[in-house]
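A.B. asks: Need coordinates for the below:
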Amino acid sequence: MLIGRILNALGVLFIFYCGIMLVTTFFTDRGNFDMMTIGFFGLLNGFIAMEVGHIVIRLHYKDV
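C.D. replies: Numbering: from 1, shown residues only. Sure, this is the predicted structure:
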């Protein structure tokens with residue numbers, strides 16, 4: 001249960017940070033493609049961490 005909540009919180013932090021990074025990289029005049037790909041894959045990593053956290057929480061409630 002605790003692991004699910006930690007994964008969910010980490011996913012939210014990744015999405016928030018990488019979303020800001022994508023927006024700032026997109027609007028800078030020297031934004032390069034490498035930083036945008038890192039931000040995009042970080043965003044995907046955050047969504048995956050959130051979903052795994054939700055799955056862990058659901059499995060915990062299902063077993064109890």
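A.B. asks: Looking at the protein, which helix is longest?
C.D. replies: As assigned by DSSP state H, the longest helix anywhere in the chain is helix 33-63.
A.B. asks: Flag every buried residue along that one.
C.D. replies: 35, 39, 42, 43, 46, 49, 50, 52, 53, 56, 57 (16 or more other Cβ atoms under 10 Å). All C-beta spots, glycine's among them, are computed from the backbone N, C-alpha and C.
A.B. asks: Least confident of these?
C.D. replies: Across these, the bottom pLDDT score, 80, is held by residue 35.
A.B. asks: Spit out the contact partners of the nearest residue to that one once chain neighbours are set aside.
C.D. replies: Closest residue to residue 35 apart from its sequence neighbours, by Cβ to Cβ, 6 or more residues apart in numbering: residue 25 at 4.6 Å. Contact partners of residue 25, counting by Cβ atoms under 8 Å, 6 or more residues apart in numbering, are 31, 32, 35, 36, 39.
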